[in-house]
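1. next input, structure requested:
(one chain, ligands or ions: 1)
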Amino acid sequence: MPSYDSLKLADPDIYAALTGEMQRQADGVELIPSENYVSPAVLEIMGSVFNNKYAEGYPGKRYYGGQEFTDAVESLAIERAKRLFNATHANVQPHAGAPANIATYFALCEPGDTIMGMDLSHGGHLTHGHPVTYLAKIFNFVRYKMKDITTGEIDYDEMRAVAKREKPKILMAGYSAYPRELDYAKMRAIADEVGAIAIMDMAHVAGLIAGGAHKNPFDFGFDICLTTTHKTLRGPRGGMILTREAELGKKIDKMVFPGFQGGPIMQMVAAKAVAFGEALKPEFKDYAHQIVKNARHMAVEFLKNGALLITGGTDNHMLLIDTVTSWGIGGKEAEVLFDRIGITLNKNMIADDPRSPMDPSGIRLGTPAITTRGMKEPEMEQLVSFMLRAIEQRSDDAAIKALHEEVKTFCQQYPVPGIERMENG
Ligand SMILES: Cc1ncc(COP(=O)(O)O)c(C=O)c1O
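-> Take a look at the predicted model:
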């Protein structure tokens with residue numbers, strides 16, 4: 001762990017916030033399924049002098065001089081990304097997941113074109129066409145949904161019917177709040193029937209795909225896979241666009257830069273290279289499989305105790321619980337309650353939720369971060385037990401405080417990468 005001596009001297013306020021955050025991460029259980037802990041190596045390169053360099057363009061074709069080392073790291077990031085996902089082309093410059101999606105839409109569509117994605121309350125992401133986004137003013141988004149929320153099965157017949165009627169340019173797979181795998185073969189066939197480009201936004205499951213715990217959409221003929229690099233893939237905050245064919249890759253490159261972004265954030269590009277190097281190692285396969293095993297085990301424990309899980313369980317890293325039906329409390333109240341015992345997760349809409357996004361009917365939780373910390377099936381049982389006790393004892397302040405202390409003590413056995421054990425207080 002760096003000493004942070006310079007920061008402490010230069011800016012005591014930010015230093016205090018940093019140490020507070022380190023303590024919070026070490027003492028608490030992180031169940032937000034889009035979060036993770038990067039390795040000390042990834043942390044080091046993110047805080048490096050690559051921050052100082054402008055590198056507009058691509059390796060070998062930059063607008064400024066002095067690119068010997070930026071070219072080396074970006075080329076390595078690209079090569080490693082292609083190997084990880086069996087892609088022909090990789091653009092590692094998107095600043096985050098949303099910019100990767102937006103640049104891809106701009107590269108492939110004209111204003112007014114139709115894009116088909118998963119309905120937000122059924123698990124899709126805002127960038128897949130939610131009316132609150134500016135994207136919804138530019139493109140015509142149409143949606144597909146689950147047929148049956150007790151199993152999570154997607155209504156592929158309806159998807160085909162809507163696609164035939166609306167003729168989308170893009171058929172988008174991928175999700176932020178859906179605990180199952182999609183049928184890529186069926187989606188590819190529907191895209192073919194209507195002449196659409198098939199894209200998977202694998203932001204949430206990229207690490208599971210890289211580690212072989214989930215199927216790779218490219219194996220089913222998908223044209224593009226988009227992703228964030230900071231969720232299950234366990235890299236720096238950032239985005240990436242991969243294509244199956246070189247021609248599509250050229251279009252994407254032109255739109256990412258100069259079409260949409262300025263200079264790449266080179267310390268993040270370098271950190272992507274480091275994280276992809278880690279994901280290519282055999283241990284990452286074990287990690288990816290353990291994420292899924294942990295999530296499944298947690299689901300079984302909740303089900304045994306009478307909780308209602310949307311889709312009836314999970315095949316990936318996340319669980320969605322209907323807290324209103326399960327425990328008689330809304331998702332917001334549940335989020336606050338679990339925060340009080342040091343367990344962080346997020347309130348979440350459930351399919352066709354009658355309640356509002358700020359106080360929805362459910363919560364979303366997942367296992368990528370706790371699996372990085374070395375937790376396995378027995379720890380999943382312990383965590384579910386902490387959560388169920390919090391539900392039972394929620395009106396007893398002293399019991400909740402005592403439970404929080406128990407959670408802190410439990411956490412001390414599982415160090416967070418990049419944070420040395422700190423004394424409490
Ligand atoms: C499926 C999906 N796509 C895109 C994004 C956007 O990523 P970012 O927050 O890095 O812009 C997310 C983030 O939650 C996501 O879940």
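
2. can we go C-alpha only for contacts and neighbour counts from here?
-> Fine.

3. residue 339 is in what secondary structure piece?
-> Assigning secondary structure by DSSP states H and E places residue 339 in helix 331-340.

4. using CSV, write out every CA atom in that helix.
-> Output for helix 331-340, consisting of C-alpha atoms alone and laid out as CSV, is shown next (Å, rounded to 0.1, in the frame of the first residue of the first chain):
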residue,chain,number,x,y,z
GLY,A,331,-36.1,-1.7,-1.3
LYS,A,332,-35.0,1.7,0.1
GLU,A,333,-35.7,0.7,3.7
ALA,A,334,-33.8,-2.6,3.1
GLU,A,335,-30.8,-0.8,1.6
VAL,A,336,-30.7,1.6,4.7
LEU,A,337,-31.1,-1.3,7.1
PHE,A,338,-28.3,-3.3,5.6
ASP,A,339,-26.1,-0.2,5.5
ARG,A,340,-26.6,0.1,9.3
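
5. ok, the helix or strand following it: who's next to it in the sheet?
-> Following the chain from helix 331-340 toward its C-terminal end, the next helix or strand by DSSP H and E is strand 343-344. Strands flanking strand 343-344 in the sheet, each with its direction: strand 29-30 (parallel) (DSSP bridges).

6. one step back: who are the packing partners of the helix holding residue 339?
-> Helices and strands in packing contact with helix 331-340 are listed as helix 323-327, strand 346-348, strand 362-366, helix 377-392, helix 397-411; criterion 3 or more C-alpha pairs under 8 Å, 6 or more residues apart in numbering; DSSP states H and E.

7. most tightly packed of the ones you listed?
-> Burial among those, expressed as mean neighbours by mean count of other C-alpha atoms under 10 Å, is greatest for strand 362-366, which shows a mean of 26.

8. which elements pack onto that one?
-> Identification of packing neighbours for strand 362-366 by 3+ C-alpha pairs under 8 Å, 6+ apart yields strand 318-322, helix 323-327, helix 331-340, strand 346-348.

9. mind putting those into a markdown table with mean pLDDT?
-> Below are those laid out as a markdown table (pLDDT from 0 to 100):
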| stretch | mean pLDDT |
| --- | --- |
| strand 318-322 | 98 |
| helix 323-327 | 98 |
| helix 331-340 | 98 |
| strand 346-348 | 97 |
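
10. which stretch among the ones you listed comes nearest residue 280?
-> Evaluated with C-alpha to C-alpha, the helices and strands packed on strand 362-366 place strand 318-322 nearest to residue 280, the distance being 23.1 Å.

11. tell me what angle that closest one forms with helix 331-340.
-> 120 degrees (axes from the mean of the first three to the mean of the last three C-alpha atoms, to 10 degrees).

12. what is strand 318-322 packed up against?
-> The criterion is 3+ C-alpha pairs under 8 Å, 6+ apart, and the helices and strands that strand 318-322 contacts are helix 282-304, strand 362-366.

13. need the CA coordinates for it. PDB is fine.
-> Output in PDB follows, covering the C-alpha atoms of strand 318-322 (Å, rounded to 0.1, in the frame of the first residue of the first chain):
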ATOM      1  CA  MET A 318     -26.300 -11.300  -8.900                       C
ATOM      2  CA  LEU A 319     -29.600 -11.800  -7.000                       C
ATOM      3  CA  LEU A 320     -32.700  -9.700  -7.100                       C
ATOM      4  CA  ILE A 321     -34.900  -9.900  -4.100                       C
ATOM      5  CA  ASP A 322     -38.500  -8.700  -3.900                       C
END
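
14. and the closest residue in space to residue 41 that isn't next to it in sequence, which helix or strand is it part of?
-> On the basis of C-alpha to C-alpha, 6 or more residues apart in numbering, the spatially nearest residue to residue 41 that is not a chain neighbour turns out to be residue 274, at 7.3 Å. Here residue 274 is covered by helix 266-279, with elements defined by DSSP H and E.

15. anything in that helix near the ligand?
-> No. Contact between helix 266-279 and the ligand, assessed by C-alpha under 6 Å from any ligand atom, is absent, since the two come no nearer than 12.6 Å.

16. send the alpha carbons of that helix over as PDB?
-> Output of helix 266-279 as PDB, limited to C-alpha atoms (Å, rounded to 0.1, in the frame of the first residue of the first chain):
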ATOM      1  CA  MET A 266      -3.600   6.700 -20.400                       C
ATOM      2  CA  GLN A 267      -3.200   5.600 -16.800                       C
ATOM      3  CA  MET A 268      -6.500   3.800 -17.200                       C
ATOM      4  CA  VAL A 269      -5.500   2.300 -20.500                       C
ATOM      5  CA  ALA A 270      -2.300   1.000 -18.800                       C
ATOM      6  CA  ALA A 271      -4.400  -0.300 -15.900                       C
ATOM      7  CA  LYS A 272      -6.700  -2.100 -18.300                       C
ATOM      8  CA  ALA A 273      -3.600  -3.900 -19.700                       C
ATOM      9  CA  VAL A 274      -2.500  -4.900 -16.200                       C
ATOM     10  CA  ALA A 275      -6.000  -6.200 -15.300                       C
ATOM     11  CA  PHE A 276      -6.400  -8.100 -18.600                       C
ATOM     12  CA  GLY A 277      -3.000  -9.700 -17.900                       C
ATOM     13  CA  GLU A 278      -4.400 -10.800 -14.600                       C
ATOM     14  CA  ALA A 279      -7.600 -12.100 -16.200                       C
END
